[in-house]
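>>> Sharing a model that was predicted from the sequence below.
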Amino acid sequence: MSTKDPFYITTAISYVNGVPHLGHAYESIMTDVLARFKRLDGYDVKFLTGTDEHGEKVAQTAEQNGMEPKEFADQNAGIFREMTQKLGISNDDFIRTTEERHYSSAQAIWQKLQDNGDIYLGNYEGWYSVREEAYFTEDELTEGDDGQKYTPLGTEVKWVEEPSYFFKLSAYTDRLIDYYNANLNSVQPDSRMNEIMSFLKQEGGLSDLSISRHKSRLKWGIPVPGDADHVMYVWLDALTNYITAIGYPDENAEEFKKYWPANYHVIGKDITRFHAIYWPAFLMSANLPLPEVIFAHGFINVGGAKMSKSVGNVLSPDDLIETYGLDQIRYFLMREVAHGNDGNFSHEQAVQRINADLANGLGNLAQRTLSMIHKNCDAQIPAAGEIKEEDRELLHKAYTLVENARQHFNEMKFNRGLEHIWTVVAACDAYIDAQAPWTLKKTDTERMKTVLYVLTDAIRCLAIIVQPVMPHNAPQILDQMNVADDARTFAHISEKYALKAGTQIEKPQGVFPRIVEDEAAA
C-alpha cells in the first residue's frame, strides 16, 4: 500500500454535443500539469477526466445528425478520448456518464438525498436554456429587439412548464455561506468566490432546484429511482461523476477512502455556480465531505475575440499541435495565461513566446552546452575543478527551483512558476556569456570543464522541473545527458544527485526547433 500522500484532481467532464476546441485543450493541459507536478513531487495522484453524455442538447443534436443519442455519444466521447491522448494527458481514468458504474452511483446519491428529505415532486414554470442546461430568473435575462430573451452568456431561453422533482436547495443557503466564510480559499480565484458569495446572499436566498425531466419531454437520461416517468436532470447526474470514479456508492471502497474529498475540481468559469453551489449542497445532503478547492479558469480568446463558430475563430487541438508542436503549445498556454483570468491566443504571440523561451532559450542553452562537452570533453560529463562563488550561486538557483516554484504550481499559478524557472534559464545564459567557455578552451581547459559541468547540472535540474509542462521534450534533454529514468523526480533536484563525471552523453540534438514564419499558419 502506498505511503505517499493522496492527491485527487479532476477536470469538468466535457459535454458531447460538440467536438473538442482550444478551451477543452486548455483545461485538460492545466489539470495535467498539476497532476504531473504532484506525481513528481511525491504524491499518489488520481487524475480524472471524461464526458457528460445525457441531456436535451445531446438528444437534439443526435436527432439532427440522424443518430440515436447513445450512438452519437459513443462517437463524440471517442473524439474527446482521442484528444486526451493527442495532448499527452496523463489521466488515470476516463469516465463516461453512460457507463453502468455511473448509473448506479447517480441513482444512489439521488436515493440518499431523497432519504434525507431533500427531494420532492412539484411543478416547474420558468425560463430554461437548453444550451446551458440551466434555469434563469426574469432579472437575469435580457430581451432582444425581436422579443427573444437571452441569458447573461447570450443563449436563448424558452418558457417551460412541467412536473419536476426538486432539490431543497433553499435549505442550504445559510450552510453554504457559513462554509465559505470558514473556507475562504475553497473557490479560486478570489473573484469567483466573490461572485458565489454575492449569489448566495441575494435577497430571498437560493431557490429550490429542478433535478428531473418528465419523459414526455426528455427520455435521454438516467431513470429516477422509483419513478419511471422521470429522468435525472443533467447536473445531479453529471456532478456525481467525481465520486463514481472512486467507487461510490461504496463509501468503504479503497479509492473512495483514499481520494475523497477531491483536492481540486478544475472547471471553466461559466459552470462555477453549479460546482460551488449545487454540488456542495448535494454533498451536504448526502453527508459527504466537500472538495477542497474549486478552481474556475477563464476563457481563451482568439485574436482578442471569444471563440465562436459564427466568427470562425474556433481552433482545434489538432491544428495547434501540427502548427506549433505539442509541448510548445502546452508551454505557451501555461506561460501566457494568468491565474484564473481570460487569456488571448494569437499566432504572433505563440511564435514569439515559443521561439524566445524554448528555441532560443532553454533549447539553445542545452544544445550549445552539451555540444561543447561532446566536442571538447570526449562526449563525457567533465569533472568539476575548483568551485567559485559564481558557480555556487548558479547551482544554488538550480537546486532550489522546486522550493521556489512549488507554491505557484500548487495554486495553479503556472505563469508565475514558469516565470521563476525562466529566471534560472536567464541566469544560465548570463553565466555562460560571462564565463565564455569557448575562450577558456584556449586559455584554461580545467576552468572550462568546471563551467560546463556547472551548466550541465543546472540544465539537468531545469529539464526535470519543466517535465509537467513539457512531458515529451524535457525528457529528451535528460536522455541526452543519460540521466536515469528513476532519477527524474523533484527529489533529484539537489546536489546529492548531481551528474557524475565521466558519464557518456549522446550527441546533442535540438529539441525545440525554431518556428519560421513562412512555415507556420498565419
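The structure has been received and is ready for your questions. Numbering: from 1, shown residues only.
>>> For the rest of this, base every contact and every neighbour count on C-alpha atoms.
Will do.
>>> can you give me the strands in the stretch 1-150 of the chain?
For the stretch 1-150 of the chain, the strands identified by DSSP state E, counting those that start in this stretch occupy 6-11, 14-15, 44-52, 93-96, 119-129, 134-136, 142-143, 149-150, in order along the chain.
>>> Distance from the chain centre to the second one, please.
Read that as strand 14-15. Here the centre of mass of C-alpha atoms in strand 14-15, compared against the chain's by Cα atoms, centre = their mean, to the nearest Å, lies 14 Å away.
>>> what do you get for the last one?
Relative to its parent chain, strand 149-150 has a centroid offset of 32 Å by Cα atoms, centre = their mean.
>>> where exactly do the helices run in the stretch 401-522 of the chain?
With DSSP state H, counting those that start in this stretch, the ranges of helices along the stretch 401-522 of the chain come out as 401-410, 414-435, 437-443, 445-465, 474-480.
>>> now the longest one against helix 445-465, angle please.
The one in question is helix 414-435. Counting by axes from the mean of the first three to the mean of the last three Cα atoms, to 10 degrees, helix 414-435 lies at 170 degrees to helix 445-465.
>>> export helix 414-435 as CSV, just CAs?
Written as CSV, here are the backbone C-alpha positions of helix 414-435 (Å, rounded to 0.1, in the frame of the first residue of the first chain):
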residue,chain,number,x,y,z
PHE,A,414,1.6,28.3,-13.7
ASN,A,415,2.6,31.5,-15.4
ARG,A,416,4.3,32.7,-12.1
GLY,A,417,6.0,29.3,-11.6
LEU,A,418,7.4,29.4,-15.2
GLU,A,419,8.5,33.0,-14.8
HIS,A,420,10.7,31.9,-11.9
ILE,A,421,12.0,28.9,-13.8
TRP,A,422,13.0,31.1,-16.7
THR,A,423,14.9,33.4,-14.4
VAL,A,424,17.2,30.4,-13.9
VAL,A,425,17.4,29.9,-17.6
ALA,A,426,18.4,33.5,-17.9
ALA,A,427,20.9,33.1,-15.1
CYS,A,428,22.5,30.2,-17.0
ASP,A,429,22.7,32.3,-20.2
ALA,A,430,24.3,35.2,-18.3
TYR,A,431,26.7,32.7,-16.7
ILE,A,432,27.8,31.1,-19.9
ASP,A,433,28.3,34.5,-21.5
ALA,A,434,30.3,35.8,-18.5
GLN,A,435,32.4,32.6,-18.2
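>>> For that helix, give the mean pLDDT please.
For helix 414-435, the mean per-residue pLDDT is 98.
>>> What of the first one?
For helix 401-410, the mean per-residue pLDDT is 98.
>>> Okay, buried residues for it please.
Neighbour-count burial for helix 401-410, counted by 16 or more other Cα atoms under 10 Å, picks out 401-402, 405-406, 408-409.
>>> Likewise for stretch 158-177?
Judged by neighbour count (16+ other Cα under 10 Å), stretch 158-177 contains these buried residues: 164-173, 176-177.
>>> same deal with stretch 488-507?
488-490, 492-494, 498-499, 504-506.
>>> again, but for stretch 277-287
Residues 277-286 are the ones in stretch 277-287 that count as buried (16+ other Cα under 10 Å).
>>> With stretch 211-224 instead?
Buried residues in stretch 211-224 (16+ other Cα under 10 Å): 211-214, 218-224.
>>> got the buried residues of helix 401-410 as JSON lines, with distance to residue 370 columns?
Converted to JSON lines, the buried residues of helix 401-410 look like this (distance: Cα to Cα, whole Å):
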{"residue": "401", "distance to residue 370": "21"}
{"residue": "402", "distance to residue 370": "23"}
{"residue": "405", "distance to residue 370": "26"}
{"residue": "406", "distance to residue 370": "28"}
{"residue": "408", "distance to residue 370": "30"}
{"residue": "409", "distance to residue 370": "29"}
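>>> Return the member of the residues you listed nearest to residue 322.
residue 409 (27.4 Å; Cα to Cα).
>>> on that earlier part again, point out the most buried one among the helices of the stretch 401-522 of the chain.
By mean neighbour count, with neighbours taken as mean count of other Cα atoms under 10 Å, helix 445-465 ranks first of those at a mean of 24.
>>> for the record, mean pLDDT for that helix?
When pLDDT is averaged over helix 445-465, the result is 98.
>>> helices or strands up against that helix?
Applying 3 or more Cα pairs under 8 Å, 6 or more residues apart in numbering; DSSP states H and E, we find helix 445-465 packed against helix 364-376, helix 389-399, helix 401-410, helix 414-435, helix 437-443, helix 474-480.
>>> To residue 319, which of these lies closest?
Comparison of the helices and strands packed on helix 445-465 against residue 319 by Cα to Cα identifies helix 474-480 as nearest, at 22.2 Å.
>>> ok, the residue nearest to residue 40 when sequence neighbours are not counted - contacts?
With Cα to Cα, 6 or more residues apart in numbering as the criterion, residue 40 has its nearest non-adjacent residue at 4.8 Å, and that residue is residue 489. By Cα atoms under 8 Å, 6 or more residues apart in numbering, the contact set of residue 489 is 40-42, 464.
>>> Mind telling me the two of these farthest from one another?
Using Cα to Cα, those reach their maximum pairwise distance at 42 and 464, which is 13.6 Å.
>>> where do the contact lists of these two overlap?
489-490.
>>> now do the same end-to-end measure for stretch 11-30.
9 Å (Cα to Cα, to the nearest Å).
>>> Oh, that last question was meant for stretch 345-365, not what I typed.
By Cα to Cα, one end of stretch 345-365 lies 27 Å from the other end.
>>> Touching it from outside, list them.
Under the criterion Cα under 8 Å, 6+ apart, external residues in contact with stretch 345-365 comprise 300-304, 324, 328-329, 331-332, 422, 425-426, 428-429, 459, 510-515, 517, 521-522.
>>> filter those residues to the buried ones?
Of the members of the contacts of stretch 345-365, the ones counted as buried by neighbours, 16+ other Cα under 10 Å, are 300-302, 324, 328-329, 331-332, 422, 425-426, 428-429, 459, 510-515.
>>> Identify the residues contacting residue 283.
The neighbourhood of residue 283, defined by Cα under 8 Å, 6+ apart, consists of 289-290.
>>> So it: helix, strand or coil?
Using DSSP: H, G, I helix; E, B strand; the rest coil, the secondary structure recorded for residue 283 is helix.
>>> picking that back up, which members of the buried residues of stretch 158-177 are positioned in helices?
For those, the ones inside helices are 173, 176-177, with DSSP state H as the criterion.
>>> Where do the helices of the stretch 51-200 of the chain begin and end?
Under DSSP H, counting those that start in this stretch, the stretch 51-200 of the chain gives helices at 56-64, 69-86, 100-115, 173-182, 190-200.
>>> Turn those helices into TSV, including distance to residue 382 and mean pLDDT.
Putting the helices of the stretch 51-200 of the chain into TSV (distance: least, Cα to Cα, whole Å; pLDDT from 0 to 100) gives the following:
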stretch	distance to residue 382	mean pLDDT
helix 56-64	62	93
helix 69-86	38	97
helix 100-115	57	98
helix 173-182	56	98
helix 190-200	50	97
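>>> Residue 436 is nearest to which of those helices?
Among the helices of the stretch 51-200 of the chain, the nearest to residue 436 by Cα to Cα is helix 69-86 (41.0 Å).
>>> Lowest mean pLDDT among the helices and strands of the protein, which one is it?
Among the helical and strand segments of the chain, the one scoring lowest on mean pLDDT, DSSP states H and E is strand 305-306, with a mean of 54.
>>> out of the ones in helices among the buried residues of stretch 158-177, which one sits closest to residue 271?
Compare each of those with residue 271 using Cα to Cα and the shortest gap goes to residue 176, at 17.2 Å.
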